[in-house]
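> Provided below for reference: sequence and predicted model.
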Amino acid sequence: MCTHDHDALPAPDAALARRSVIAGAAALAGIGLLPASAAAADSRSRAPESAHYKGQPQSPAPMIIEGGTLVDPDTGDAVEDAVVVLVDGRVAAAGDRQSTRRAVASVADRATVVDATGRFVLPGLVDAHVHANALEDARLILSHGATTVRSGSSSFYQDVALAALPRWAPGLSPRMHAAGLFVSPELGDSVLADPALAPLAALSDGVREASDLAYLTRNNVKRGATVIKTRANPRAGLAEQDPLELVYGQEQISAIVAASKKAGVLCHAYSAEGIDGAVRAGVRSIEHGVFVSEATLAEMAKRGTAFTPTLSGIASMADSTDPVLAERGREYTPVLQEAIRAAAEAGVTVVAGTDSFGTDVTPIGTEARWLAEAGLSPLQALRSVTTAPARLLGVERSVGRLVRGAQADVVLLDRDPLADAAALEAVSAVVAQGVLVREAA
């Protein structure tokens, strides 16, 4: 629900050179706090521009995960006593013991073996809306099973820096689809993230004109953003703001979409007018979307616009000590639950996003459970954290399923997610980029 300010972090040193912005963002993200297990990787990847660094990225040892029930979110099928073989950061084989025996034999003498007996084996989960500004944020998100995430923006391009880590330090951070800076009228201290943004600090009414919106969007892409985050309405999680006011209309959002090129635009929106304008402007997904109309849902289905309701975040406002936020939580939650049911019935793709910010991390499995309680079937809830967001991000060939050639991201669950979506909260082990980052004692 974006209860946070995106410019709340301290500004980088004023002497930070333009070509070192990404390195500075990495420093802000807390790379100095690496655990001992990642120290070697850190020592080889501190160069400001890794493209010119002479070292070689790490290659994790092969891994065999055996004995569990392999679940395919795409088909809903399950294979008992299955084996998954991971080699060089990819799935070399996945299936029953007979079909995987050659792959097992090829690495058996050097592979780490994980016993998954009694557990359910899934691809790494996807959280389609997070705000990770530091390594600790990324670690917590990863520990709950989200091995791929889409950023909902950061303050100083920390998400762009985090996106570079998996190649050099596997298992340290989820695969990040970075948004860079929030395309919003008020940039605050985020204007210091890049000297190229200095002209925007002089705008008396903030970043509102189409040419300025396009400039900021293009700068995000230039800095390494692969998705763009903007807004139609203010934040619901700040009591002093009215989340139904219009910030950007269709014409302004169209300028952002046009400048984003191949980067899909996600739009923070609450009001029926704001949501509809964003959809017609061509955004890739609507975030929050509480008061979406039936007509707009029909348009979303027609256009293939996805819906990321962040339901658990909206519902959590009901527990706020602030009476305004508590009332919004109580009012918005049932409306959003109905919107989710209507979206599913209309054929709109519903994807799960927690809107986690900093170390205040909601497990992605919790969001899936909330979506199921709103009306999605267990299989639909499972797809909302696997195949659906993978397609939204354009990585469906490598994320969301455990098939040959897919990324080496695996989650083990203690319960069957095809029977109960709440099982997605029962994460007992996480493999990210071929590295075991969590295993229950």
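Everything's here; your move.

> Please save the CA atoms from stretch 63-74 in CSV.
Listed next in CSV are the C-alpha coordinates belonging to stretch 63-74 (Å, rounded to 0.1, in the frame of the first residue of the first chain):
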residue,chain,number,x,y,z
MET,A,63,22.9,-29.8,-6.5
ILE,A,64,20.6,-32.7,-6.4
ILE,A,65,17.2,-32.3,-4.7
GLU,A,66,15.6,-35.7,-4.3
GLY,A,67,12.6,-37.5,-2.8
GLY,A,68,10.0,-34.7,-2.7
THR,A,69,6.8,-34.2,-4.7
LEU,A,70,7.6,-32.0,-7.7
VAL,A,71,4.7,-29.5,-8.4
ASP,A,72,4.2,-27.8,-11.8
PRO,A,73,2.2,-24.6,-11.3
ASP,A,74,1.5,-24.4,-15.1
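
> now that stretch, how far from the centre of its chain.
23 Å (C-alpha atoms, centre = their mean, to the nearest Å).

> Now do it, average pLDDT.
The pLDDT scores in stretch 63-74 average 98.

> Repeat that for stretch 243-261.
97.

> Endpoints of that stretch, how far apart?
28 Å (C-alpha to C-alpha, to the nearest Å).

> Doesn't G365 lie inside a helix?
Yes: applying DSSP: H, G, I helix; E, B strand; the rest coil, one finds G365 inside a helix.

> distance of it from D319?
20 Å (C-beta to C-beta, to the nearest Å). Any C-beta I mention is one placed from the backbone N, CA and C, and that applies to glycine too.

> Neighbour count: those two, which is higher?
Between G365 and D319, G365 has the larger neighbour count (other C-beta atoms under 10 Å), namely 27 against 10.

> so who does the more buried one touch?
L125, H144, G145, V385, A422, A423, L424, E425, A426, V427 (C-beta atoms under 8 Å, 6 or more residues apart in numbering).

> are any of the residues you listed buried, and which?
By neighbour count, with 16 or more other C-beta atoms under 10 Å, these hold L125, H144, G145, V385, A422, A423, L424, E425, A426, V427 as buried.

> Quickly find the element holding H268.
strand 264-269 (DSSP states H and E).

> in the following helix or strand past that strand, what's buried?
Under the assignment DSSP H and E, the closest C-terminal helix or strand after strand 264-269 is helix 272-281. By neighbour count on 16+ other C-beta under 10 Å, the buried set for helix 272-281 is A272, E273, G274, I275, D276, G277, A278, V279, A281.

> go on, stretch 402-417?
Applying 16+ other C-beta under 10 Å to stretch 402-417 flags L402, A406, Q407, A408, D409, V410, V411, L412, L413, P417 as buried.
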